[in-house]
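A.B. asks: sequence and predicted model, in that order:
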Amino acid sequence: MEIKSILKELTKENGASGYEHNVSQILANHLRKYCDDVQVDKLGSVIGRKKGSNPSRKILITAHYDEIGLLVTSIDKEGFIRFTKIGGIDPKILLATEVVIHGKNSIPGVIGAKPPHLLSPEDRNKTMGLQDLYIDTGMNYEEITQYVSIGDYITFKPVSLELKSNYFSSKALDNRCSFASMLVALEELKNLKHECDIYFAATVQEEIGLTGGITVSYNIDPDMAIVVDVCHGDMPDVPKEVTFPCGKGPAIAVGPVLNKKFTNKLIDKAKYENIKYQIDVEPGGTGTEAWATQVSRCGIPTVLISIPLRYMHTAVETLNITDLTETGKLIARFAASLTDEDFEKKEEIPAWICKF
């Protein structure tokens, strides 16, 4: 499996939260190579099922595939475009960024602002906000309004870079790198026997409210779930306590939201398989689909695995390929190891407590 080629394919397409339609069929086609059944649900989440020998038990593996983006809010008389954000974007990383506006046609643009040479001393000390930025397409008002309307969405220009030492950089690695890790897991599962039916779900709209994670976990109603996302990779001038070294393996989360029994089994499996891993202490909701999955229906035992990623929510998100492949191996070997004995007996949960 050529991971870098897959990452290039996945990240070159534009799919901001709520606008994932350009990407869904690409993901579905990948899942069809491995899964017995594949569907795209009403919101756009892509779900593949790989049947096991004991179909009464279900494992759900999720990774969101939407990306951050922007929305057109106005077009001034000179044709410059003002915008707001989709998802969590720090305005100061946007200046001088190349973007694509998705109107009637895809229109390239660049994000500009008043140059520092022309700022007053007072303005130079202010933090740059969205109100200070605009998109220049080179078109005047009459030209640009033929193609772009208020409400059209905008994404970063897709540019991927193969860096040294097995590093890779692109937009939308948060979180399409995790979908790539699921493909690694599926490739591994070709050579592994597994009792449980395993559902692989690429979910939508995580960046704006965990929507796909909520609906997919409710729909599948699994016996346990594995959420795959990204965490902050190591960077200069950032405390080591809140980052994870790239190239040292995935981060396994521990904390109140994460099921202790299955998390311990996951750690034990990583040790047994000699897969490098790190521990991610998450005292709250984790900032991922793990919380939304955990509270679905009557509660779903959930674990969280994260791939270290530098420069999150920018056009140059950067990871080490080794972390991605190790994540896929761990997912596959952990899921394949689970048997009926690892789950609560269904008759032990009275129907009057939770019945749907």
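C.D. replies: Cool, the structure landed.
A.B. asks: tell me which residues of stretch 210-223 come out buried.
C.D. replies: For stretch 210-223, the neighbour count (16 or more other CB atoms under 10 Å) marks L210, T211, G212, G213, I214, T215, V216, S217, N219, I220, P222, D223 as buried. Any C-beta I mention is one placed from the backbone N, CA and C, and that applies to glycine too.
A.B. asks: ok, S165 to H30 distance?
C.D. replies: Distance check for S165 against H30: by CB to CB, to the nearest Å, it reads 27 Å.
A.B. asks: out of these two, which sits in the busier spot?
C.D. replies: A direct count of neighbours by other CB atoms under 10 Å for S165 and H30 places H30 higher, at 23 against 9.
A.B. asks: phi, psi of that one?
C.D. replies: phi -60, psi -40 (degrees, to the nearest 10).
A.B. asks: would you mind measuring from it to I3?
C.D. replies: Counting by CB to CB - H30 and I3 are separated by 12 Å.
A.B. asks: what of L192?
C.D. replies: 19 Å.
A.B. asks: who has more neighbours, the two?
C.D. replies: The neighbour comparison of L192 against I3 (other CB under 10 Å) goes to I3, with 19 against 12.
A.B. asks: I figured the more buried one was touching T327, is that so?
C.D. replies: No. Checked against CB atoms under 8 Å, the pair I3 and T327 is beyond contact range at 11.2 Å.
A.B. asks: now the common contact residues for those two.
C.D. replies: Common contact partners of I3 and T327 (CB atoms under 8 Å, 6 or more residues apart in numbering): V184.
A.B. asks: and the buried residues of stretch 210-223 as a markdown table, adding secondary structure, distance to N140 and pLDDT?
C.D. replies: Output for the buried residues of stretch 210-223, formatted as a markdown table (DSSP: H, G, I helix; E, B strand; the rest coil; distance: CB to CB, whole Å; pLDDT from 0 to 100):
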| residue | secondary structure | distance to N140 | pLDDT |
| --- | --- | --- | --- |
| L210 | coil | 41 | 96 |
| T211 | helix | 38 | 97 |
| G212 | helix | 39 | 98 |
| G213 | helix | 43 | 98 |
| I214 | helix | 44 | 98 |
| T215 | helix | 43 | 98 |
| V216 | helix | 45 | 98 |
| S217 | helix | 48 | 98 |
| N219 | helix | 48 | 97 |
| I220 | helix | 51 | 97 |
| P222 | coil | 54 | 97 |
| D223 | coil | 59 | 96 |
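A.B. asks: farthest pair in those residues?
C.D. replies: Farthest apart among the buried residues of stretch 210-223 by CB to CB are T211 and D223. That separation is 22.9 Å.
A.B. asks: list the buried ones in stretch 126-146?
C.D. replies: Buried residues in stretch 126-146 (16+ other CB under 10 Å): M128, D132, L133, Y134, I135, T137, M139, I144.
A.B. asks: in strands, which of the residues you listed fall?
C.D. replies: Y134, I135 (DSSP state E).
A.B. asks: now the buried residues of stretch 126-146 as JSON lines including distance to V227?
C.D. replies: Formatted as JSON lines, those follow (distance: CB to CB, whole Å):
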{"residue": "M128", "distance to V227": "34"}
{"residue": "D132", "distance to V227": "36"}
{"residue": "L133", "distance to V227": "33"}
{"residue": "Y134", "distance to V227": "37"}
{"residue": "I135", "distance to V227": "34"}
{"residue": "T137", "distance to V227": "38"}
{"residue": "M139", "distance to V227": "43"}
{"residue": "I144", "distance to V227": "41"}
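A.B. asks: kindly reformat the buried residues of stretch 210-223 as a markdown table containing distance to R297.
C.D. replies: Shown next, in a markdown table, are those (distance: CB to CB, whole Å):
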| residue | distance to R297 |
| --- | --- |
| L210 | 15 |
| T211 | 16 |
| G212 | 16 |
| G213 | 13 |
| I214 | 11 |
| T215 | 12 |
| V216 | 12 |
| S217 | 8 |
| N219 | 10 |
| I220 | 10 |
| P222 | 10 |
| D223 | 11 |
